[in-house]
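K.L.:
sharing a model that was predicted from the sequence below.
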Amino acid sequence: MSGHSKWATIKRKKGAIDKAKGKTFAKLARQLEVATREGASGDISSNAALRTIVSKAKAAHMTNDAIDRAIKRGLGEQSGASYESITYEAYAPGGVAMLIDVLTDNRNRTASDVRSLFSKWGGAMAEPGSVGWQFSRKGIIQVGKEVSEDDIMVVALDHGAEDIVDEGDSWRVTCDSSSVFDLKAALEAGGITVQSATSTMVSSMSVPVTDAAIAKSIVRIMDDLEENDDIQDVYSNFDMSDDLLSEVAS
């Protein structure tokens, strides 16, 4: 399993808390604003990027009023900060690759924060292109094991699924990122409960991590990055056992 997907699974098992939910909503609001502004439209039928973020926001149980306010800020109908989109590339300990998507109103502040964080935990910033080449955007859907692979396949393959993988306590269904929410809707219409659905970056290679000290540093980096309001998404290619990840993430 990719590092990002495994990390998301651990966070889901740990459960959502109000602070984390509030931070998630704040980050989604920024994404809604930027997608609206860059697409020059608040209409999800003509703005594909906005449609994806709206689906993501609704899946996170963000209210319609909050979504509408963010879109209005993106259209300039309500005042708000102007955010710049940046992607940083970095290496965590053990040669683990990371992509960090940022929306910031102060590039210098965010760059300094990210650089300091990696230095603190034994990682380093990377040159542009040295990490990003191995990542591509995919849709990832997690389905519980109470459903058989055959039942998922009957629906999924007709709606853009590319792969179905057994992850122990769930099935991971991979598809093109543009199809993820249509596929989620099709699965649910077929009576299949979806645990999560997201558009994410997936690496073409993985880095095995078995050393507890390295694993702990990676998790600290992930935690600290996600605590920063400017950082929207973190993608990585680490691969470690569920037991080790649970141990260092606890």
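P.N.:
Yep, it's here.

K.L.:
could you pull out the helices for the protein?
P.N.:
Taking DSSP state H as the test, the helices found in the chain are 3-14, 18-39, 48-59, 64-75, 107-120, 149-156, 180-189, 212-227, 242-249.

K.L.:
of those helices, which is nearest Glu167?
P.N.:
Of all those, helix 3-14 sits nearest to Glu167, with 7.6 Å by CB to CB. (C-beta placed from N, C-alpha, C; glycine too.)

K.L.:
just checking, which helix or strand of the chain averages the lowest pLDDT?
P.N.:
Of all helical and strand segments in the chain, the minimum by mean pLDDT, DSSP states H and E falls on helix 3-14, at a mean of 54.

K.L.:
quick one on the thing from earlier: by mean pLDDT, show me the worst of the helices of the chain.
P.N.:
Among the helices of the chain, helix 3-14 carries the lowest mean pLDDT, at a mean of 54.

K.L.:
got the domain boundaries for the protein?
P.N.:
Per the record, the chain has its domains at 16-75, 84-133+205-244, 135-203, by automatic domain parsing.

K.L.:
okay if I get the ones you listed as CSV plus mean neighbour count?
P.N.:
Below are the domains of the chain laid out as CSV (neighbours: other CB atoms under 10 Å):
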stretch, mean neighbour count
domain 16-75, 17
domain 84-133+205-244, 18
domain 135-203, 17
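
K.L.:
need the pLDDT of the residue of the chain positioned farthest from its centre.
P.N.:
The C-alpha centroid of the chain is most remote from Glu77, which lies 28.5 Å away (CA atoms, centre = their mean). Looking at Glu77, its pLDDT stands at 81.

K.L.:
quick check: the gap between it and Val131.
P.N.:
Separation of Glu77 from Val131 (CB to CB, to the nearest Å) stands at 38 Å.

K.L.:
try Lys56
P.N.:
Note on Lys56: its distance to Val131, by CB to CB, is 24 Å.

K.L.:
could you do Thr193 as well?
P.N.:
In terms of CB to CB, Thr193 sits 35 Å off from Val131.

K.L.:
again with Gly168
P.N.:
Distance of Gly168 to Val131, computed by CB to CB: 28 Å.

K.L.:
check Asp163 too.
P.N.:
Remark: distance between Asp163 and Val131 (CB to CB) = 23 Å.

K.L.:
for Gln142, same thing?
P.N.:
Gln142 sits 25 Å away from Val131, going by CB to CB.

K.L.:
also Leu225?
P.N.:
Counting by CB to CB, the gap from Leu225 to Val131 is 14 Å.

K.L.:
ditto for Thr36
P.N.:
According to CB to CB, Thr36 and Val131 sit 29 Å apart.

K.L.:
with Ile53 instead?
P.N.:
Distance, Ile53 to Val131, by CB to CB: 24 Å.

K.L.:
can you check Tyr88 too?
P.N.:
Tyr88 sits 9 Å away from Val131, going by CB to CB.

K.L.:
any common contacting residues for the two?
P.N.:
Leu99 (CB atoms under 8 Å, 6 or more residues apart in numbering).
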